[in-house]
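Trainee: 3D, please:
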Amino acid sequence: MTPPRLALWCGRRILKASLVNPALGRGHVVDLSLAATARGALGARFPTLSLLRLAVVSLSFSWLAACGDETSGPGRSQSFARLSAGKYHTCGISVDGRAYCWGEGDQGQLGDGSNSSSGIPTAVASEQVFTAISAGSEHTCAVGDDGTAHCWGGSAYGQAGSDLSSVNQPAPVAPGLNFVSIGAGGRHTCALAEEGSTYCWGSNGFGQLGSSEPLVGCSAGTDCSTEPVAEAGGLRFAAVSVGKDHSCGLTADGNAYCWGRNANGQLGDGSTIDRGVPVAVSGGFRFAALEAGRDHTCGLNTRGRLYCWGRNDSGQLGSAALVDHVLPVLPVTSPEESVFAALSAGGQHTCAITTSRNGYCWGANELGQLGDGTVDSTAAPVRVVGSLRLRSVQAGLAHTCGLNRDGIVYCWGRGFEGQLGNDSNTSRLVPVQVEGGM
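Mentor: Next comes the predicted model:
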């Protein structure tokens, strides 16, 4: 088993540490304001990693001295740590844990207390420090540093955890539960609790909540729930990902499960039958990362090979045969010597970054969402223009955003609603830098 890797970075007047297992692609964030705090936090989360815990504590003082105060210095206010691309909007978390959104806001999905759109990042109306965020179709959800889930935006099916009405600023969901990650889909949301159990809420029209529990909060005859319901399989996941109408989870040993809509084979079980409970993705694969797109799903194994299944009308699976696949197809491999290290599945396109930090995309490209300077769709990975040195990439419905190692965000593709964050409503065929707007 690959040993955990320790990554350190600066936040506002604190030091943050992330314990990452490369084989599983999952990390835990700890604020290291004091060595004693670090020892307690890491001991609680990783009780068996005493040597690693002591190493973190011994490093914390020198890193704190080097970090200084991030309120000063050029470009500091524009630095992001997390990023998520939705249907027509984009959201991110700054290095100090504040949430910002930009793009379409007619349902309140920007969370700034209005229903207005914005072409630059606008601050979410909350003093909460966030550690995870996910932009869905018309709603957004995030996890606070205290483990609480917060959602805002459209909630016609309860996907924002509200009473079937939209909310334009963060509202807590199930305050009694503590979460570590969250995924906002088309009309539903799923979140991963600390112990590995999964809870979902919102529309269940295709079984995407994956629960056998009674659904509450919706009118008679409406298959939805405004309150979180537990996933029925009793599985413990290390990561969850949410598509338009389906959901997927990845166990700690790399097994993938999906549930919900399966019209295009996006569940990967060899059928096109909708599933109300998790089913295993066929093929015996062990994945390090799993991403659910609009109607397709992709997984990345520990060797950097990427497999996709589901809808393939634009080549988003990496297969030139533009037909749907109900099972994982032949692997998509990196065009360069470096292998893929991270991925994101969007509307009808897929993107990944290599270990050398280069971005590649494939699939639909009518609005430039592949970022190669053309509008030519392709099933073969094409490199994103520029030398961005990306550390993460997020594919939305028809736009894509990447976060570089300096915390600067670049976006490309559809821009009609302002989701590119460059203060315009124009689509772009190559990456443009998101403006400060903070």
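Trainee: For the residue lying closest to D376 once chain neighbours are set aside, which residues are in contact?
Mentor: The shortest distance from D376 to any non-neighbouring residue, by CB to CB, 6 or more residues apart in numbering, is to N365 (5.8 Å). (Glycine included, C-beta is placed from N, CA and C.) Contacts for N365 (CB atoms under 8 Å, 6 or more residues apart in numbering) come out as S314, H349, D372, T374, V375, D376, S377, T378.
Trainee: tell me the contacts of the third one?
Mentor: By CB under 8 Å, 6+ apart, the residues touching D372 are C361, N365, V382, R383, V384, V385, L429, V430.
Trainee: Ok, the fourth one next?
Mentor: With contact set as CB under 8 Å, 6+ apart, T374 has these partners: N365, G368, L429.
Trainee: Find me whatever residue is spatially closest to G359, sequence neighbours aside.
Mentor: The shortest distance from G359 to any residue other than its chain neighbours is 3.7 Å, reached at V384 (CB to CB, 6+ apart).
Trainee: hang on, the earlier thing: just put the contacts of N365 in a markdown table and tack on pLDDT and secondary structure.
Mentor: Formatted as a markdown table, the contacts of N365 follow (pLDDT from 0 to 100; DSSP: H, G, I helix; E, B strand; the rest coil):
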| residue | pLDDT | secondary structure |
| --- | --- | --- |
| S314 | 98 | coil |
| H349 | 98 | strand |
| D372 | 98 | coil |
| T374 | 98 | coil |
| V375 | 98 | coil |
| D376 | 98 | coil |
| S377 | 98 | coil |
| T378 | 98 | strand |
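Trainee: Buried ones from those, can you make that a PyMOL selection?
Mentor: Buried subset of the contacts of N365, written as a PyMOL selection, criterion 16 or more other CB atoms under 10 Å:
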select buried, resi 314+349+372+377+378
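Trainee: Closest to Y157 out of the contacts of N365?
Mentor: H349 (25.8 Å; CB to CB).
Trainee: show me what contacts N178?
Mentor: With CB under 8 Å, 6+ apart, N178 has these contacts: D146, G147, T148, A193, E194.
Trainee: Filter those down to the buried ones.
Mentor: T148, A193.
Trainee: Any stretches of this protein with poor pLDDT?
Mentor: Residue ranges of the chain with pLDDT under 70: 1-78, 220-221, 437-438.
Trainee: what about the helices in it?
Mentor: 35-45, 50-67 (DSSP state H).
Trainee: What's the separation between R82 and V281?
Mentor: 26 Å (CB to CB, to the nearest Å).
Trainee: for stretch 263-273, which positions count as buried?
Mentor: Applying 16+ other CB under 10 Å to stretch 263-273 flags A263, N264, G265, Q266, L267, G268, D269 as buried.
Trainee: meant to ask about stretch 140-155
Mentor: In stretch 140-155, counting by 16+ other CB under 10 Å, buried: 140-144, 148-155.
Trainee: Ok, stretch 108-115 next?
Mentor: Those would be G108, Q109, L110, G111, D112, G113, for stretch 108-115 by 16+ other CB under 10 Å.
Trainee: show me what contacts the closest residue to G299 other than its chain neighbours?
Mentor: Of all residues not flanking G299 in the chain, F287 sits nearest, at 3.9 Å (CB to CB, 6+ apart). Taking CB under 8 Å, 6+ apart, we find F287 in contact with L250, G254, N255, A256, G299, L300, N301, Y307.
Trainee: for V277, same thing?
Mentor: For V277, counting by CB under 8 Å, 6+ apart, the contacting residues are G207, G210, S212, E231, A232, G233, W259.
Trainee: Test my guess that A289 contacts L300.
Mentor: Yes - using CB atoms under 8 Å, A289 and L300 qualify as a contacting pair, with a distance of 4.4 Å.
Trainee: roughly how far apart are the residue nearest to W259 when sequence neighbours are not counted and P278?
Mentor: Of all residues beyond its chain neighbours, the one nearest W259 is G210 (4.2 Å), with distances taken as CB to CB, 6+ apart. For G210, the distance to P278 (CB to CB) stands at 6 Å.
Trainee: what sits in contact with each of the two?
Mentor: Joint contacts of G210 and P278 (CB under 8 Å, 6+ apart) are E231, A232, G233, W259.
Trainee: Export the residues you listed as JSON lines, with columns for distance to V409.
Mentor: Shown next, in JSON lines, are the shared contacts of G210 and P278 (distance: CB to CB, whole Å):
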{"residue": "E231", "distance to V409": "32"}
{"residue": "A232", "distance to V409": "37"}
{"residue": "G233", "distance to V409": "36"}
{"residue": "W259", "distance to V409": "32"}
